[in-house]
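1. Need a 3D model of the sequence below.
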Amino acid sequence: MQCTICLDDEGDVVQKGCCCRGEAGAVHVECLIQLASHSGTADNHFAHWYTCETCRQPFSCVAQLGLAKAWMSSVEHRAETDSERLGALSNLALSIDAQGDFKGAEVLHTQVLETRQRIYDDSETGGQEEQYFDIIAAMMLLAENYTRQGLCAKAEPFQTLVVNYLKAQYGDEDSRTLEALSALAVIVSGLGNYAKAEAMHRNIIAVRERTCGSDHADTVSSLVSMGVVCTDAGKYAEAIEIERRVLAIRTRVNGPDHPLTLLSAGNLAISCGDMGSYDEAVELHTSVVEGRARILGDRHPETLNARCSLAAAYNDLGHYDKAESLYLETFEAMKEVLGPEHQDTISVYVHLGVVYSDQGRFADARRVERLALECWTRARGEDHPETVSVMSNLAITCDELGLYAEAEDLQRKVYAQNKRVLGDTHPSTLLGIKNLCFTLVARDKSKEAHGLLEEPAAMLNELLGADHPDCLETQSMLAQIYGGLGLRDDAVAQQRRVLGRYMATLGPSHPDTLRASALLAESLVGTQSLKEAEEIVSHTLDVQRRELGESLPSTLFSQYLLGRVILELGRVDEAEEVLRGVYAAYEKMAGGQELPYTLRAAAFLGDARSQQGQHTEAVEFLRQTHKTQTRLYGTSHSDTLRTASQLGSALVRSGQVEDGTALLESTHSEQLRLLGPRHAESERTAKRLTIARAS
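-> You can find the predicted model right below:
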């Protein structure tokens, strides 16, 4: 492809990143800089440095940054207070910001604001009004930068000053005031106060509908912001309703291929995914990719981001090969178009981690999540919300791998950083406690988890509402803690409440609802309500197989749980068949990894074979499983102790009564010390020990 300015195809020919696509958008950055250096118009002699003179849209990516640096270089020799120099510096800050270097942009935005303030302080009274407006504009850009970094507490005072100034100058209902107020509402939402943010957006929408009309671009923009807040607040159905309305208006007013129409279709697709409407999400994302490719070209940043969203939708549908292939293909294009350190390029690592985790490829997930964490830390700093989010994902993956010590260390860091940056009561800080408690329960520290989570769970309910998905997850975590403490009836009652709310808010077939059903069945096993547990988990498994597929980790967990329940009911041959199938599936999924659920399935399979009379094979199988768990988790982990109990019982059945009884006695003693006498596993071992002593 040749440069549209010099008509030469040698050297690095890149896309301008505006709306000129294909050959019309191909340039050498050096040629674009040379053209801008000799351009200019009477009304705005700076616009050519950041806006395409053909399509009148802003440049992006390499072209944007190259022009910004060239403009700054051309005026850098001037005094710091020179107006064009300040304009170039502000534009450079915006360009660096767009590349994801938020800290670098913050430094420049701060420099512009401080210089503007100094000019204002030193000026004569006559020109101060115009200069104060320049200060307000600089404050607005700095507040936006802080918001991008997730530093909403820093952004709020600046944006509040902006809003108050615009109200005083132009009135409460002026479009500039409303736009600034909308940005403040985004900041309030970022601080976790979704109810206040929602009320602010509703007021803005009411004013704009009255003053501009329901189809005006500003009104529609406010509706978009309202949809985002509804999503953050877990009101997915309301968000979808708003986004369908926005899409209909923009399609009618702007046409189906307008960038804003395509953006709205993408937003609706994401909300459909949140509600579990995966087929519609794929259909919408596909139309967005096709539309952006047609209008902007295959390698435009917005097209590439749309392809990532489509890949995520494929993953939700269980089309893992399609998702992985599309992510990897897009990743290579992003490295060329945006650069390897760009925020969008780094994000692909995070998305790939989700794809790998959903397939049970946890070692691969851990590898890419570590890369993502290194990149985000380098690009945005260790306290940025994206960095902390990736660290949390990595901790969850470590949990799945059974690397509990590493997971706990990471989750404690996540909690500490959220607490320091966002404060004690921010939803992200409170959710960090929930995630830490998940790891603590996995490490048999249910007592510590209980002390940590009860108060934050109540605070989350108050902040977000009891039906918010994050609150339901937290309440489910409390139920698992109750189970770990031996409070089995409390665990069942809590899981019933959680499942009821999932049914009401997300419907019976949503993946989160199905997970809650499986967890209720697991709690019922603890109370020996085996018939009800079998009924629930059988239904859950049927729906998961139909909606999600056979090999998804959540489907395998339900299959594993069904095998356990059937074994407890005494249908040994049927249980052995189910457990044999799930063990083989876990082995295939693990690909040689020693995963916790693979080992748990192996232990129950060994127990089933022991009850079938396959004594030699069962004892050897259980010995090997126990040895592996001891090496990975230690002798006192609950999984290791449960397998030891099963092994002791198998030894007794095989005629090795003395060895089996001794193992059961030592296991029961350790379970009493660590889990207490009311824990289900302590009681099971006690029953096995009674049988052994009577043999």
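
2. And the helices in the stretch 1-150 of the chain, which stretches?
-> Along the stretch 1-150 of the chain, the segments classed as helices by DSSP state H, counting those that start in this stretch run 29-37, 61-75, 83-98, 102-122, 128-148.

3. Tabulate the CA atom coordinates of the last one in CSV.
-> If I follow you right, that is helix 128-148. C-alpha atoms of helix 128-148 as CSV (Å, rounded to 0.1, in the frame of the first residue of the first chain):
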residue,chain,number,x,y,z
GLN,A,128,-8.5,36.9,33.8
GLU,A,129,-11.9,35.6,32.8
GLU,A,130,-10.6,34.0,29.6
GLN,A,131,-7.6,32.6,31.5
TYR,A,132,-9.8,31.1,34.2
PHE,A,133,-11.7,29.3,31.6
ASP,A,134,-8.4,27.8,30.3
ILE,A,135,-7.8,26.6,33.9
ILE,A,136,-11.2,25.0,34.0
ALA,A,137,-10.5,23.2,30.7
ALA,A,138,-7.2,21.9,32.0
MET,A,139,-8.9,20.7,35.2
MET,A,140,-11.5,18.9,33.1
LEU,A,141,-8.8,17.0,31.2
LEU,A,142,-6.8,16.2,34.3
ALA,A,143,-10.0,14.9,36.0
GLU,A,144,-10.7,12.7,32.9
ASN,A,145,-7.1,11.4,33.1
TYR,A,146,-7.6,10.5,36.8
THR,A,147,-10.9,8.7,36.0
ARG,A,148,-9.1,6.6,33.3
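
4. So which bits of it are buried?
-> For helix 128-148, a neighbour-count test (16 or more other Cβ atoms under 10 Å) marks 132, 134-136, 138-148 as buried. C-beta here means a position set from N, CA and C on the backbone, and glycine is covered the same way.

5. so where's the stretch 351-500 of the chain shaky on pLDDT?
-> Low-confidence segments of the stretch 351-500 of the chain, defined by pLDDT under 70, are absent.

6. could you pull out the strands for the protein?
-> 13-15, 26-28 (DSSP state E).

7. Turn those into TSV, columns for distance to residue 153 and mean neighbour count.
-> Converted to TSV, the strands of the chain look like this (distance: least, Cβ to Cβ, whole Å; neighbours: other Cβ atoms under 10 Å):
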stretch	distance to residue 153	mean neighbour count
strand 13-15	38	21
strand 26-28	41	23
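
8. want to try a markdown table for those, with mean pLDDT and distance to residue 496 as columns?
-> Listed next are the strands of the chain as a markdown table, based on pLDDT from 0 to 100; distance: least, Cβ to Cβ, whole Å:
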| stretch | mean pLDDT | distance to residue 496 |
| --- | --- | --- |
| strand 13-15 | 82 | 56 |
| strand 26-28 | 88 | 62 |
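
9. and of those strands, who's closest to residue 256?
-> Nearest to residue 256 among the strands of the chain is strand 13-15 (23.3 Å), distances taken as Cβ to Cβ.

10. Just give the closest residue to residue 3, not the sequence neighbours.
-> Nearest residue to residue 3 in three dimensions, chain neighbours excluded: residue 28, at 4.6 Å (Cβ to Cβ, 6 or more residues apart in numbering).

11. Quick check: chain neighbours aside, which residue is closest to residue 14?
-> Going by Cβ to Cβ, 6+ apart, residue 14 has residue 62 as its nearest residue, at 5.0 Å.

12. ok, now residue 284?
-> residue 269 (3.6 Å).

13. So what's the residue count around that neighbour?
-> 28 (other Cβ atoms under 10 Å).

14. Correct me if wrong: it contacts residue 316.
-> No: between residue 269 and residue 316 there is no contact under Cβ atoms under 8 Å: 10.6 Å.

15. Need the residues touching each of these two.
-> With contacts taken as Cβ atoms under 8 Å, 6 or more residues apart in numbering, residue 269 and residue 316 have residue 281 as neighbours in common.

16. What about residue 466, how many residues nearby?
-> Neighbour tally, residue 466, other Cβ under 10 Å: 13.

17. now it, nearest residue through space, not along the chain?
-> Using Cβ to Cβ, 6+ apart, the closest residue to residue 466 is residue 501 (6.9 Å).

18. Could you list which residues are in contact with residue 90?
-> 108-109, 112, 138, 141.

19. which of those sit farthest apart?
-> 108 and 138, at 10.5 Å, using Cβ to Cβ across these.

20. Could I get the helices of the stretch 1-150 of the chain in JSON lines, plus columns for mean pLDDT and distance to residue 556?
-> Below are the helices of the stretch 1-150 of the chain laid out as JSON lines (pLDDT from 0 to 100; distance: least, Cβ to Cβ, whole Å):
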{"stretch": "helix 29-37", "mean pLDDT": "89", "distance to residue 556": "51"}
{"stretch": "helix 61-75", "mean pLDDT": "90", "distance to residue 556": "42"}
{"stretch": "helix 83-98", "mean pLDDT": "92", "distance to residue 556": "43"}
{"stretch": "helix 102-122", "mean pLDDT": "91", "distance to residue 556": "40"}
{"stretch": "helix 128-148", "mean pLDDT": "89", "distance to residue 556": "39"}
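
21. would CSV of those with distance to residue 526 be doable?
-> Output for those, formatted as CSV (distance: least, Cβ to Cβ, whole Å):
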stretch, distance to residue 526
helix 29-37, 65
helix 61-75, 56
helix 83-98, 52
helix 102-122, 48
helix 128-148, 46
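
22. so which of those helices gets nearest residue 176?
-> helix 128-148 (10.2 Å).
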